[in-house]
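Kindly generate the corresponding structure for this input.
(2 chains)
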Amino acid sequence: MKKFYQIAILSVLLLGFASCEKDKFGESIFIDPVVDTTAYSYPFDQWLHKYYTIPYNVEFRYRLDDSGTDPNYNVVPVSMSKADTIAHLALYLWYDVYDSVAVPGFLHDNGPRIIQLIGSAMINAAQGTEKLGQAEGGIKITLMKINLMQTDNIDQLNEYIFKTMHHEFSHILHQKKTMPKEFEQISAADYNPDGWQYTTETEAWQLGFASPYGSSQAREDFVEIIANYIVKSDAQIERMLTVAGQDGKKGRAVLTQKIEICREWLADRWDLNLDELRAEVQKRQNNMDWDMIMSLGFLHEQK
Amino acid sequence: MKAKYIVLVLALASVFCACNRDEKDLFDDRAAVRAQKALENAFDVLTAPVNGWEMIYFANPTSAGYNVLVTFNKDGSVTATAKNEATTGNKIQTDSSSTWGVINDYGPILTFDTYNKVLHAWADPQSDGDGYLGDYEFLILHAEQGYVKLKGKKHSAYCYLYPLAIGITQDQYFASVETLNARMFGNSNLLHAKSGGQEYLLYGGASGMFIRTATGSTPDVETDPAFPLAVRQNGIQLMVPIFDNGNTKYELQSAELTDGSSTIYASAPLAYFKEYFDLAQGRWSVDITEINETTMAAIEAVNAALRTSYPKSKKAGILGLKFKKMTDHFELVLRYYGSSSTSATEMNYLYSIATSGNSLHITYNGAANENAQKVLNAFPDLLTIFQSLDGVFALTTNDAINPSNGCKLTNNANSSIWFNITGTVE
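Predicted structure coming up:
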């Protein structure tokens, strides 16, 4: 009896495998992408491919897919002319700087895989704040408010664009290799995650933060120290430290200590000399030859 | 033994069922292929019109509609032109430096994926994070030669595209839209809508939003439903239908707007005259520059008398005559410059106005107060003016879709006594 059932089951299985027809596959439904050399954006796309994708393994996204943004915010895309300008500036003031200062291939290996541009800020009207950039998972940096960029105002460019790039890239670095624990302890009692936006710049400096946003939490504090130190001029740094130490406030000492920790961390963990990086950025910021900066690209003119 | 056979039958049945692969396909093609075809169709439709598209853009379901001329080029560039008070300062503005595309998201999506100062004006969050709460990405609900319907991806407003007729320039387009807009909605025109057994009063169209209330009801802007609209060259586009018939496009044919089964119209002149007081809180101004000879002579006589009485006043003279409705009667407001050249004086005179059959019965009932009587005593030719407006009149209109643009009153007993009136809302 038992044997009968075994034979029956085996027979069923064999019949099942043998008798069912296999699907016949038709032609592939996937269409091989074809580069359209007549496309309006082709020259710019080719330029980005040559100067970003090939050397740095970066996808420089200027065309906005709204599904890739936070649905809680209303945003608009960047204009093509602004995208072109920022792409050139980013090469000059960021990528080429790291190529000059860091070990070969540093940005290729550690830089973001995606740079996304957004034309407007991401505004939280209820809190009175706006996002200028964000870094996600060590892979993507999003830069905002690009349409409002003033190319003749280096302080505005720094405040809204390049400090943000250094800020977001520093996030990527500490997401890959953790920031020093000792840094988090320095201002542990002074962080204000919900009310940082009401802190003035002077108040922030005197507490030992490079900016009001830096007073929100330790990781923002860390990257704000690095970013501000890189983009601010000697005079601006000295003014910050002077104000920070006025009337016996602890800010100067705290800021100095934090800068040193950042310096050591970048050197030890990334073989990156913060002061050399800063010097190169400052030299370029003080010599903004727009003809040279834009010479390898083009600008979309209004028709 | 019996158990063996049962097992064998079940086993054979399971084999046949397992191999039964006959399933009817619901679609002709696989989903990915159909999606790709939808994108290709949308691209072909959007790039086809020689003179581009007229796009009726609604930023969100509570927003008025805006007119945008859009040309989708096959190289992926797009040109957009608009003219409106909200985003272009009422000047024609064009931007042709941006890109567009059709992509696949949860359906075919039309995207304007680089910034265009015309198209993204409504989506820009500005300083409050919201701006006009408009979209720049749209679900393509329908795309065929001659008509495209979109739905804003984030804010869910419908937008409509129609090919712009060949030969129409942007200047001609916006001029014709403005002309029709002024004609249809000037002076706070009152309209009605009818479809089958449904009938409504529509008001507020000048703001880009019909407020709909039941005929015979008192309008309540707080609770009455609103229907966003935009004026086109030859009609209007609603964002959503007023009636259950689902139609949103109305064309002006003769004296009414129609979608083929329902109509939007103004009341006949006599009924309109009365409801304009009640429902639009309007007044009727008498045209004192083009009026019958008898009344004109009286007006000139009063003006001469005013100049004699106030020789230092450079502007002494009658400014206007306007009928307004009070609770239980009407008054004619006389407005004139007397001793002052900067501040006009107003005096009121009593009238009763009633409709009977096809006629308007207007009866002069004297000065409304002592001061008005004093003015009448000082300038007796005013009585001729007031009495010429007393009588039984036939009422005709110059524009059946908006009688407030102009009506003519002709005395039934003496056709040489006539005057023109236009509606005003203060």
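
low pLDDT regions in the chain?
In the absence of a named chain, this looks at chain A. For chain A, applying pLDDT under 70 flags the ranges A:1, A:4-5, A:7-9, A:11-34, A:296-303.

you looked at the wrong chain, it should be chain B
Where chain B drops to pLDDT under 70, the residues are B:1-2, B:7, B:9, B:11, B:13-27.

From the centroid of it, which residue is nearest?
B:Gly205 (3.9 Å; Cα atoms, centre = their mean).

And it, how close does it get to A:Ser233?
Counting by Cβ to Cβ, to the nearest Å, the gap from B:Gly205 to A:Ser233 is 59 Å. For glycine as for every other residue, the C-beta is placed from the backbone atoms N, C-alpha and C.

what are the ranges of the helices in the stretch 1-150 of chain A?
Taking DSSP state H, counting those that start in this stretch as the test, the helices found in the stretch 1-150 of chain A are A:2-19, A:42-48, A:54-56, A:80-90, A:96-101, A:106-110.

Could you single out the most deeply buried of the ones you listed?
Ranked by mean neighbour count under mean count of other Cβ atoms under 10 Å in any protein chain shown, these are led by helix A:80-90, which reaches a mean of 22.

and that helix, what does it pack onto?
Under the contact definition 3 or more Cβ pairs under 8 Å, 6 or more residues apart in numbering or on different chains; DSSP states H and E, helix A:80-90 sits against helix A:42-48, strand A:114-117, helix A:290-294, strand B:93-99.

Just give me how far stretch B:38-55 sits from the chain centre.
Between the centre of stretch B:38-55 and the centre of its host chain there is 27 Å, according to Cα atoms, centre = their mean, to the nearest Å.

brain fart, stretch B:224-242
Counting by Cα atoms, centre = their mean, stretch B:224-242 comes out at 7 Å from the chain centroid.

what's the answer for stretch B:143-150, then?
23 Å.

residues of it that come out buried?
In terms of neighbour count (16 or more other Cβ atoms under 10 Å in any protein chain shown), stretch B:143-150 has its buried residues at B:Ala143, B:Val148, B:Lys149, B:Leu150.

Looking at those residues, which is nearest A:Gly105?
Closest approach between these and A:Gly105, by Cβ to Cβ: B:Leu150, at 46.3 Å.

State the phi and psi torsions of the closest one.
Main-chain torsions, B:Leu150, degrees, to the nearest 10: phi -120, psi 160.

coming back round to it: save the helices and strands packed on helix A:80-90 as a markdown table, and put in distance to B:Glu300 too.
Listed next are these as a markdown table, based on distance: least, Cβ to Cβ, whole Å:
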| stretch | distance to B:Glu300 |
| --- | --- |
| helix A:42-48 | 72 |
| strand A:114-117 | 71 |
| helix A:290-294 | 71 |
| strand B:93-99 | 48 |
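
now for these, which one comes closest to A:Arg239?
Of all the helices and strands packed on helix A:80-90, helix A:290-294 comes closest under Cβ to Cβ, at 27.7 Å.

List the buried residues in that closest one.
With burial defined by 16+ other Cβ under 10 Å, the residues of helix A:290-294 counted as buried are A:Ile293, A:Met294.

can you check stretch B:58-78 too?
Buried, per 16+ other Cβ under 10 Å, within stretch B:58-78: B:58-60, B:63-73, B:76-78.

again, but for stretch B:321-338
Buried-residue list, stretch B:321-338, by 16+ other Cβ under 10 Å: B:321-325, B:330-334, B:336-338.

and what of stretch B:124-137?
So, applying 16+ other Cβ under 10 Å, buried residues of stretch B:124-137: B:Asp124, B:Pro125, B:Gly129, B:Gly131, B:Tyr132, B:Leu133, B:Gly134, B:Asp135, B:Tyr136, B:Glu137.

what's in contact with it?
Residues outside stretch B:124-137 that contact it (Cβ atoms under 8 Å, 6 or more residues apart in numbering or on different chains): A:66, A:73-77, A:120-125, B:57, B:59-60, B:63, B:86-87, B:109-113, B:119-123, B:152-155, B:157.

how long is that stretch from one end to the other?
13 Å (Cα to Cα, to the nearest Å).

Please state the offset of it from the chain centre?
Its chain's C-alpha centre and that of stretch B:124-137 lie 24 Å apart, by Cα atoms, centre = their mean.

Equivalent analysis for stretch B:219-226, please.
For stretch B:219-226, the distance to the chain centre is 16 Å (Cα atoms, centre = their mean).

okay, how far is it across that stretch, tip to tip?
End-to-end distance of stretch B:219-226 (Cα to Cα): 12 Å.

which parts of it are buried?
Across stretch B:219-226, burial judged by 16+ other Cβ under 10 Å covers B:Pro219, B:Asp224, B:Ala226.

Closest one to A:Val103 out of the residues you listed, please.
B:Ala226 (63.8 Å).

who are the neighbours in contact with the closest one?
Shown in contact with B:Ala226 (Cβ under 8 Å, 6+ apart): B:Thr62, B:Gly204, B:Met209, B:Phe210, B:Ile211, B:Arg212.

Look up how far chain A lies from B:Lys153.
7 Å (Cβ to the nearest Cβ, to the nearest Å).

which one is that residue nearest to, not counting chain neighbours?
Excluding the flanking residues, the one nearest B:Lys153 by Cβ to Cβ, 6 or more residues apart in numbering or on different chains is B:Glu137, at 4.3 Å.

same deal with B:Tyr351?
Among residues not flanking B:Tyr351 along the chain, B:Phe330 sits closest, at 4.4 Å (Cβ to Cβ, 6+ apart).

Same question for B:Ala214.
In space, B:Ala214 is closest to B:Tyr200, 6.3 Å off (Cβ to Cβ, 6+ apart).

can you give me the offset of the helix or strand harbouring that neighbour from its chain's centre?
Following DSSP states H and E, one finds B:Tyr200 within strand B:198-203. From the chain centre to the centre of strand B:198-203 is a distance of 14 Å (Cα atoms, centre = their mean).

List of residues touching whatever helix or strand comes next after it?
Counting by DSSP H and E, the next helix or strand C-terminal to strand B:198-203 is strand B:209-214. For strand B:209-214, contacts defined as Cβ under 8 Å, 6+ apart pick out B:64, B:191, B:193, B:199-204, B:219-221, B:224-229, B:238, B:242.

what does stretch B:367-385 give?
B:294-295, B:297-299, B:301-302, B:305-306, B:309, B:321, B:331, B:334, B:347-350, B:366.
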